[in-house]
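*Asks:* One predicted model, sequence on top.
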Amino acid sequence: MNGQTPIVVWGTKGQAKVLAEFLETSGYRAAAFFDNDPHAISPLGEVPVHIGASGFDRWLRAGDRTSVSFAVAIGGDRGRERLELHELLASGGLTPATLVHPTAFVASDAAVGAGSQILVRACVCTRAKLGVACIVNTAATVDHECELADGVHIGPGATLAGCVRVGRAAFIGAGAVVLPRINIGADAVVGAGAVVTRDVESGWVVAGVPAVRTTHAAQSGA
């Protein structure tokens, strides 16, 4: 469609389908999808899927891509992978798209990093700071003065009360609540529905009400 910026999306599953729903209303036209799964199916039937880094390299060399934007649709506890793909696509000269659903709220004095995605009815409140390639999922709340490092994912319906700090590539599960001024370490995972009342150290998985440690990423082999 004329006047829309071409965009490529890495990922073809749930997160990609969510993004596909509002790309056009955000001023983008899907030009291609990429996925490491050789059996991946395009979320938009008419838009082709290219497989893996080699597929991306062939697509990149097949034309002028200087005006193309990108989004990485890899969610959950795969924040490190999302950041690696972000770097891969940026290294090809593409521009990271910061995608905000029309029904989401982002305060005028909040800072949202390049390549981040704010989904349906999510709230990013005053003076919040989001790093590169963060995801604030459906109806999640990032309240005042929260700070999210690169690659963080806040799951659907989760709530970060004010002044919470979340480390690089951490994942907050659906419906979890993190009380004010709590620090969540890098690569930590907060289970769905947990209530976090104390700091979580890097790499730990916590769950329950109140949340307690269940395992460590190094112990689980993640």
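*Replies:* Thanks, I have it. It should be emphasised that the depicted structure is a prediction, and the values quoted were computed from it without experimental measurement.

*Asks:* For Leu88, grab the count of nearby residues.
*Replies:* 17 (other C-beta atoms under 10 Å). For the C-beta atoms, the positions are set from N, CA and C on the backbone; glycine is no exception.

*Asks:* show me the residues around it that make contact.
*Replies:* By C-beta atoms under 8 Å, 6 or more residues apart in numbering, Leu88 lies in contact with Ala53, Phe56.

*Asks:* Can you verify it is assigned to a helix?
*Replies:* Yes - under DSSP: H, G, I helix; E, B strand; the rest coil, Leu88 sits within a helix.

*Asks:* quick one: it from Glu147, how far?
*Replies:* 26 Å (C-beta to C-beta, to the nearest Å).

*Asks:* Need the mean per-residue confidence for the top strand by length along the chain.
*Replies:* Selection of the longest strand in the chain by residue count, based on DSSP state E, yields strand 28-35. The average pLDDT within strand 28-35 is 96.

*Asks:* so after that strand, what's the next helix or strand?
*Replies:* strand 49-51 (DSSP states H and E).

*Asks:* after that following strand, next one along is what?
*Replies:* helix 52-61.

*Asks:* Is it correct that Arg168 is in contact with Gly79?
*Replies:* Yes - using C-beta atoms under 8 Å, Arg168 is in contact with Gly79, at 7.2 Å.

*Asks:* Count the neighbours of the residue nearest to Ala30 when sequence neighbours are not counted for me.
*Replies:* The spatial neighbour of Ala30 that comes closest, neighbours along the chain excluded (C-beta to C-beta, 6 or more residues apart in numbering), is Val47 at 4.8 Å. Val47: 16 surrounding residues under other C-beta under 10 Å.

*Asks:* Can you name the residues that contact Val47?
*Replies:* Going by C-beta under 8 Å, 6+ apart, Val47 touches Ala30, Ala31, Ala32, Phe33.

*Asks:* for it, phi and psi?
*Replies:* phi -100, psi 130 (degrees, to the nearest 10).

*Asks:* which intervals of the chain have sub-threshold pLDDT?
*Replies:* Scanning the chain for pLDDT under 70 picks out the ranges 1-2, 217-222.

*Asks:* center of it - which residue?
*Replies:* Ile135 (2.9 Å; C-alpha atoms, centre = their mean).

*Asks:* Kindly provide the distance from that residue to Leu19.
*Replies:* 10 Å.

*Asks:* anything in contact with each of these two?
*Replies:* Common neighbours of Ile135 and Leu19 (C-beta under 8 Å, 6+ apart) are Gln117.
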